[in-house]
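[1] quick one: sequence and predicted model below, then my questions.
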Amino acid sequence: MYKTEIRGKLISGDKSLGQISQDILRPIDAKTPRWWYAAMTMSLALFGWGLYCKYITVSQGIGTWGVNNTVAWGWEIVNFVWWIGIGHAGTAFSIFLLILRQKWRTAINRAAEAMTVVAVLCASLFPLLHMGRPWLFFFIFPYPNTRGPLWVNFNSPLFWDFVAISAYMLISASFWYFGMVPDFATIRDTTKSKIKKAIYGFFAFGWVGSSKEWLRYEGLSFVLGGIAAVLVVSVHSIVSTDFAVSVEPGWHTTIFPPYFVVGAIFSGFAMVLTLVTLMRKLYKMEDFITDSHVDAVCRILVFISLIMGTAYITEIFMAWYSGSEYEMYTFFKNRITGEYALQFWGMFTFNAIIPQLFWFKKVRSKLWVVFIISLLINWGMWFERFNIVVTSLSRDYLPANWAEYHPTWVEIGFFTGTIGMFAAGVLLFFRYIPMIAISEIKSVSKYDKPMPEPKIEHHD
Amino acid sequence: MDEKFIIPKKFKTISYALIGIGVLAFVIGFFTDAQRTWANYLLNNYYFVSIAIGAAFFIGIQYIAQAGWSAAFKRIPEAMTAYLPFAALFFLLLFFGMHSLYHWSHEGIAETDELIAHKQPYLNIPFFFVRVIVFFGLWILMTRLIRKISIKEDLEGGLAYFHTSERYSKILIFIIAITFTLFAVDMLMSLEVHWFSTLYAAKSFISAFYHGATIITLIAIILHQMGYLKMLNNSHLHDFSRYIFMLAIIWGYFNFSQFMLIWYGNIPEETSFYVHRWHGAFKILFFANILINWFLPFIVLMPRKTSRSKPVLVPVILILMAGQYMELYYDIWPAVLHEAKFGLLEIGAFLGYLGLFALVTATALTKANLVPRNHPYLEESVYHHF
């Protein structure tokens, strides 16, 4: 039995199953609110501006960016890692909480998974355009070819990255999509519009909700979930090896794989929190996304923040402890102090210090404070990636090669374009897809009612 | 729900006998091969303190994650933390063995070794023991507080104690995160004073949690077999083995990450650790370590059926106990003795500590009701089923 007096409610309002469907589907059938059009216009404007910057990049070349021979990876890689990190949470959220039987996931998992798919799409644009000649991107597929044959470098983490991310994208998109099938069927069966009936009916794959279908559905969720759980860890571990297998000071450190995975989940959960608080306010979903949901996400965030803080301190301590002058230079002269100190301290404050406020229940229960902290964490995680990518490159072993890096307007436009793309994707999701998994949230609707007399099993 | 654990006479006798064997082993050891005996001393001390800290972390994580299923078994990790004061005393006595173990503690070494001179502000004997005192002071203080509140809750009930426990758990986790990582650097990593790895501390931390969780499971099963904790059912076993399974994966992941990155980077400062261990028995241990600490629990505990079965879990736990020993042996022996010596001394020393740990834990178990009577999640835990 679920003790509501300690953990808080999962659904308020004592709704019947029918009411739950109605409440969640209401925004889809309602008239599109005016703020939605305003927000969509803004997102599309940003997205369009991003497209223009991409056009400049492709037509004129990478020279339009601020990267140079020394700092060959600039904002693009920062943003790539940042978006991929955010893209982690959806799946991490859904899968890990599914495996851990955390029933409160049901209110949030759909939003998290949707966000994953959009974020991974945003992320994949950066390495694609960074290739310089993106129309030749298929060179990265390892297949017998007529170019020699010229094979990809299997020893290169950049290739591992490609494999990991494409696999992750496939699995998380299927996980998200198959999760929606029963809900599409609900829309098909309840909507009055013929067009909607046809469209949602097509995507519902003829779902009727028989027990056999549910059996297969649950089996599929667990299998996809099991695969995706591994991918969540592998993707960001491999992203970290993009840096860590080099011998660059500040990059080559053994803590990187788990540190990146944890950081990714951190930023992703923060983004989930941002979206969920927005969703709750804008669509008045307080009955489904209750205070205890927000509380639970905050608890996870503060724990991860503690890991992040410990990792930062470990890195700094080890830089000194190692006695290696390059490590020490990178950390003490080029990160904690020096030209990029702002980014370092931004990272440290936003990721390791401010989230510690979540230890206090007072902070966790104030929605606007939670919202602001979630944005700060996202910002802090961006700083972290900047801190890693740019500082190490700008000053490495040879002072003759030292250089500075400043982004150009094209790069900034590219980045804001992906933000527009992300926002537009999320808005479309809010508008056309049930933003809470109806079929799943129904499973917790009677969670606080007494259960039938439990049987203590002796078989098995 | 009221049950008191009474230590069987036989258990007491065996424990004392084991302690006797341990004392004998150490006495003989110090007279014949002092350095090797100190290595044993360090290994066993670290082994059991890591289990106790793992147990403390387990309590904390249950509270902050609002986990209900484990509430009925809370007394077990609590009892395991009762070993911490003993461990504190042993670690203070390490003072007499510093020179046998830690290269950096030698007089005048800083004048010839630039790197050690650089590390001297951190790695020096007074500061080393200041840290030991501070770390153990904090650990004992926090685990005692949690235990006190837990017993008060038993007597008086009410949600207030539950909330206090949660608050203390937060502080405990905060403290363990910072202190235990440094503790692993001090005790183990500084043995190879020129070597460093940022993941090492985290890996040691995970090892502690890993092996702490396995011992909690073992004690729960033993108590159940003795007729206590009747509520232990297959679902509880499954959740315990999930901890073992999950931590095995994390351990394997950390172990791989550390090795792979050092191998790929191929910088002499970093590879020295593995190069030094890439021959003879240590090379075998390197692979055996992976096999036992990751592969075995990973494969065996994957199916639902095996992870709910005591006849499978108990052997896995026993093998993992050997696994933790092997990992520490792999880290300590090449650094201190440079050769793989294993004999009666090692076995005797381990048995001695095992006896002491078992006796302390069992005694602590008798001091309170075996089931936390007024724990708000108790009902949920007793009827746990999935």
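    Thanks, I have it.
[2] from here on, just use CA atoms for contacts and neighbour counts.
    Fine.
[3] just give the number of residues close to the closest residue to chain B within chain A.
    At 4.3 Å from chain B, A:Ile255 is the closest residue in chain A, using CA to the nearest CA. The tally of other residues near A:Ile255 (other CA atoms under 10 Å in any protein chain shown) stands at 25.
[4] could you do B:Gly227 as well?
    Residues within reach of B:Gly227, counting by other CA under 10 Å, total 10.
[5] quick one: it and B:Ile6, what's the gap?
    Computed as CA to CA, to the nearest Å, the B:Gly227 to B:Ile6 distance reads 11 Å.
[6] same question, A:Leu273
    49 Å.
[7] any idea whether the residue in the stretch 51-200 of chain B positioned nearest to chain A is helix, strand or coil?
    The stretch 51-200 of chain B approaches chain A most closely through B:Leu199 (4.3 Å), counting by CA to the nearest CA. Classification of B:Leu199 using DSSP: H, G, I helix; E, B strand; the rest coil returns helix.
[8] can you tell me the closest non-neighbouring residue to it?
    A:Ile255 (4.3 Å; CA to CA, 6 or more residues apart in numbering or on different chains).
[9] B:Asp113: how many residues sit nearby?
    For B:Asp113, using other CA under 10 Å, the count is 12.
[10] re earlier: A:Leu273 and B:Ile6: which is more packed in?
    Shown here are A:Leu273 and B:Ile6; by other CA under 10 Å, A:Leu273 has more neighbours (25 against 11).
[11] which parts of the stretch 51-200 of chain A are helices?
    A:75-91, A:97-99, A:109-130, A:157-190, A:194-203 (DSSP state H, counting those that start in this stretch).
[12] so what's the residue of chain A closest to chain B up against?
    For A:Ile255, the contacting residues are A:311, B:197-199, B:257-258, by CA atoms under 8 Å, 6 or more residues apart in numbering or on different chains.
[13] closest one to A:Trp135 out of these, please.
    Nearest to A:Trp135 among the contacts of A:Ile255: B:Ser257, at 34.4 Å, using CA to CA.
[14] flag the shaky bits of the chain, pLDDT-wise.
    This is for chain A. A:1-5, A:447-460 (pLDDT under 70).
[15] let me rephrase: I mean chain B.
    Using pLDDT under 70, the flagged stretches of chain B are B:1.
[16] residue contacts, B:Phe136?
    Neighbouring residues of B:Phe136 by CA under 8 Å, 6+ apart: B:84-85, B:88.
[17] in what helix or strand does it lie?
    Using DSSP states H and E, B:Phe136 falls within helix B:125-156.
[18] excluding covalently adjacent residues, which one is nearest to the residue in the stretch 201-350 of chain B positioned nearest to chain A?
    Chain A sits closest to B:Gln258 of the stretch 201-350 of chain B, with a gap of 5.0 Å, by CA to the nearest CA. Spatial nearest neighbour of B:Gln258, excluding adjacent residues (CA to CA, 6+ apart): A:Thr254 at 5.0 Å.
[19] what's the answer for A:Lys197, then?
    Closest to A:Lys197 by CA to CA, 6+ apart is A:Arg188, at 4.7 Å.
[20] so which of the contacts of B:Phe136 is the most crowded?
    Ranking the contacts of B:Phe136 using other CA under 10 Å puts B:Leu84 first, with 25 neighbours.
[21] ok, that one to B:Trp139 distance?
    According to CA to CA, B:Leu84 and B:Trp139 sit 8 Å apart.
[22] can you check A:Leu136 too?
    A:Leu136 is 58 Å from B:Trp139, by CA to CA.
[23] which residues are contacting the host helix or strand of A:Gly425?
    For A:Gly425, the host element (DSSP H and E) is helix A:409-432. With contacts defined as CA under 8 Å, 6+ apart, helix A:409-432 is touched by A:27-28, A:32, A:36, A:40, A:42-51, A:53-54, A:56-57, A:64-66, A:75-76, A:79, A:114-115, A:118-119, A:122, A:435.
[24] just to revisit the earlier point, and the contacts of A:Ile255, which of them are buried?
    A:311, B:197-199, B:257-258 (16 or more other CA atoms under 10 Å in any protein chain shown).
[25] which one of the contacts of A:Ile255 is nearest B:Leu172?
    A:Ala311 (17.8 Å).
[26] show residues contacting stretch B:247-261.
    By CA under 8 Å, 6+ apart, stretch B:247-261 touches A:241, A:244-245, A:252-255, A:257-258, B:197, B:199-200, B:203, B:206-207, B:209-210, B:290, B:293-295, B:297-298.
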